[in-house]
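[1] Next come a sequence and a model predicted from it.
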Amino acid sequence: MLVRAGTAEGAAASVVVPVGREGLVLEDDWDGIGQRVTGSGTTRLHQVRVAADEVEFDTAGTAYGLPYSSTLAQLIVTSVVAGILGGIEQEAVALVQRRGERSFNHAAAAKPADDPLLQQTIGQISAAAFAAQTVALAAADALDADDDARQPGAFDAGLALQGLIATAQAKVVIDELVVRAGSQLFDVGGASAATRRYNLDRRWRNARTLVSDNPTAYKARALGQYAVHDTPLPASRFF
């Protein structure tokens, strides 16, 4: 387990210890509505023994000593959300195909698969999934450019900033798309889609949980401030 720590002198460090170490307690007390294994439960540390080789102090120009050091971690979460959107697309197609001949007597077609309104909804979900994947990959390309330009002891602040901007922009776009698509999934299936047997709500719940971990509104506001006033983006690892 990695723990961020500080010394009495103000130095910051990363401490990596086994989860079974005496004094380290992980409590599975998080009751979120979706996306398990997010590490959101309570962690208690009491007189945990730490060896010298388990501590790495921050140094300028490396790891946590660099600005925007957690951009990759933020993009990983956003990429998971984009993957959920791809799953929603697959579920929507399968749901319409599974309905067979069953439809409403006032529907636009006798078969759900031939209904232009359902086809339109699936088309919107498909476009959203494509957009999410494309935007996530574009952000990844920006981070790759930053990583490729780095040399030992060298840091290109401009490329790092572009990676941060692209990652934040990707989150703002993808978060909105996935929440809407998760709801549209039920428009495709009607009441039959709400059965617990299909568990289709897990897509929305998982996405909503991940999206809430780092509120989209703060990202969008920071991007707007930067665009209008050239206000520096937050250097916090949680941005």
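    Yes, it's here. Source: prediction; values computed, not measured.

[2] can you list the domains in this structure?
    2-57, 67-229 (automatic domain parsing).

[3] Please convert these to CSV, extending it with distance to residue 235, mean pLDDT and mean neighbour count.
    Glycine gets a C-beta too; all of them are placed from N, C-alpha and C. Below are the domains of the chain laid out as CSV (distance: least, C-beta to C-beta, whole Å; pLDDT from 0 to 100; neighbours: other C-beta atoms under 10 Å):
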stretch, distance to residue 235, mean pLDDT, mean neighbour count
domain 2-57, 13, 88, 12
domain 67-229, 5, 93, 17
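
[4] Tabulate those in JSON lines, adding columns for distance to residue 237.
    Output for the domains of the chain, formatted as JSON lines (distance: least, C-beta to C-beta, whole Å):
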{"stretch": "domain 2-57", "distance to residue 237": "8"}
{"stretch": "domain 67-229", "distance to residue 237": "4"}
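
[5] Please save the CA atoms from stretch 223-230 in CSV.
    In CSV, the C-alpha atoms belonging to stretch 223-230 read as follows (Å, rounded to 0.1, in the frame of the first residue of the first chain):
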residue,chain,number,x,y,z
LEU,A,223,-10.8,25.1,-17.7
GLY,A,224,-13.0,28.1,-18.2
GLN,A,225,-10.9,30.2,-15.9
TYR,A,226,-7.8,29.2,-17.8
ALA,A,227,-9.4,29.9,-21.2
VAL,A,228,-10.8,33.4,-20.2
HIS,A,229,-8.2,34.7,-17.7
ASP,A,230,-5.2,32.4,-18.3
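
[6] what about that stretch, distance to the chain center?
    23 Å (C-alpha atoms, centre = their mean, to the nearest Å).

[7] likewise stretch 128-135?
    With C-alpha atoms, centre = their mean, you get 14 Å for stretch 128-135.

[8] Ok, stretch 218-233 next?
    The chain centroid and the centroid of stretch 218-233 are separated by 20 Å under C-alpha atoms, centre = their mean.

[9] Is the residue of the chain positioned farthest from its centre within a helix or a strand, and which one?
    What lies farthest from the middle of the chain is residue 105; by C-alpha atoms, centre = their mean that is 40.6 Å. Using DSSP states H and E, residue 105 maps to neither a helix nor a strand.
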